[in-house]
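1. For reference, the sequence and a predicted model appear below.
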Amino acid sequence: MSASPPDFSASSSSHIDPDGLVAAVRRWGRELGFSAVGIADLDLAEAADRLTAWVGEGMHGEMDYMERHLPLRRDPSQLVPNARSAIMVRMDYAPLDGPALAASQRKALADGATGVVATYALGRDYHKVLRQRLQRLADRIAGHIGPFGYRVFTDSAPVMEVELARKAGIGWRGKHTLLLSRDGSWFFLGEILTDLPLPADQLQTPHCGQCRRCIDACPTGAIVAPYVLDARRCISYLTIELRGSIPEALRPAIGTRVYGCDDCQMACPWNKYARASAVPDFAPRHGLEAAQLVALFAWTEKDFDARTQGSAIRRIGYERWLRNVAVALGNARPSAEVRAALLSRADHPSELVREHVRWALARQEAAAG
């Protein structure tokens, strides 16, 4: 959820030095651990038209909220009355520098027994980390200029964050649709929508050129064209957003990933310049950076609740967690241990789990010959 002051009345900005305030906001943002701070205007008509067309083609899958909230995404003043600017921030989250992180993930994927979790979900839930620091930034601004109208967001409302960050000069949109900068894409975004009339930053020049490594690296072919992602094929969507059965044709490509996917980012040449995050909240918890699939599948619901406390993983719930791990076990290196783990859940109360276990057992038997 978002944070806000007691009211959203329009600020009296006649006494404010906009350029001086922006310089101060950048300084305060760095002190709070943000690696970049930029200002965007709120003209989102062009991007909203593209989003509407994308939704119209059904590429959002079961993410119905994308369609329901299209008007809000187009017009942020519906979220913050009299909104005029967005203070955009970036916070790096990778626990290792770019080359080391890519090597670690590739090793885990090749291992055939390790459950691979998207890097952003290894540590504390980013919503809480960014929101708290954004609120402190907003409080700092209010302490400097007095009350002003604003709301704080980080992936918590229908806000076009990537587009606003692009407009704020924090980066450019990569062909994988994520925001990209000269030092990679391993970062979170957050924003303060405000009624303050702040000067917008200059756009960054895109630097993808003819490169298509992210497109070629996608295991399921979800990046169907440069800058176009069919979410219905994306492993992050399949393991996080999709509530029901994962399409059988896509299960083999998921490999041993149990929550999200980083392949398009690992393939991006700019990520070799990514620096490890200095924010301790994003350090891996509970050994999830190298957990064995068999051990993950043995978690009880109580174990799941305890080990995902404060984690973004908790949002999918225990049933979908078992679904995901069952698929990964089906793709794992064949062994008696894997088969025994799957058989232990063959009579699980959930048909969703049982169905994926049956598929995994059949795949294990076929692989074992």
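-> That came through, no problem. Numbering: from 1, shown residues only.
2. Would you quantify the distance from Pro197 to Ala45?
-> 19 Å (Cβ to Cβ, to the nearest Å). Using the backbone N, CA and C atoms, a C-beta is placed for each residue, glycine as well.
3. which of these two has more neighbours?
-> Comparing Pro197 with Ala45 by other Cβ atoms under 10 Å, the one with more neighbours is Pro197, at 13 against 9.
4. Tell me who's in contact with Gly112.
-> The contact partners of Gly112, by Cβ atoms under 8 Å, 6 or more residues apart in numbering, come to 256, 332-333.
5. For it, what are phi and psi?
-> The phi and psi values for Gly112, taken as degrees, to the nearest 10, are phi 80, psi 0.
6. Now do the same for it: its pLDDT.
-> pLDDT for Gly112: 94.
7. same question, His15
-> pLDDT at His15 comes out at 74.
8. And Phe8, by the same measure?
-> Reported pLDDT for Phe8: 36.
9. And for Gly369?
-> At Gly369, pLDDT is 76.
10. Quick check: the gap between it and Ala332.
-> 15 Å.
11. Looking at those two, which one has more neighbours?
-> Ala332 (27 against 5).
12. could you point out the longest helix in this protein?
-> Among the elements of the chain assigned as helix by DSSP state H, the one spanning the most residues is helix 126-145.
13. avg pLDDT for that one?
-> 96.
14. Skip ahead from it and say which helix or strand is next.
-> strand 150-153 (DSSP states H and E).
15. Report all helices and strands that that following strand contacts.
-> helix 126-145, strand 187-194 (3 or more Cβ pairs under 8 Å, 6 or more residues apart in numbering; DSSP states H and E).
16. The stretch 201-350 of the chain: strands as residue ranges?
-> 223-225, 228-229, 257-259 (DSSP state E, counting those that start in this stretch).
17. ok, and which of those has the densest surroundings?
-> strand 257-259 (a mean of 27; mean count of other Cβ atoms under 10 Å).
18. my read: Thr52 touches Leu70, true?
-> Yes. Assessed by Cβ atoms under 8 Å, Thr52 is found in contact with Leu70 at 5.9 Å.
19. okay, now the domains of this structure?
-> 18-95+123-194, 213-368 (automatic domain parsing).
20. for these, which one sits closest to Asp111?
-> The closest of the domains of the chain to Asp111 is domain 213-368. By Cβ to Cβ, the value is 7.5 Å.
21. and stretch 226-235, which residues are buried?
-> 226, 228-235 (16 or more other Cβ atoms under 10 Å).
22. Return the member of these nearest to Val357.
-> Distances from Val357 to the buried residues of stretch 226-235, taken by Cβ to Cβ, are shortest for Ile235, at 19.6 Å.
23. Distance-wise, check that closest one relative to Asp262.
-> 9 Å.
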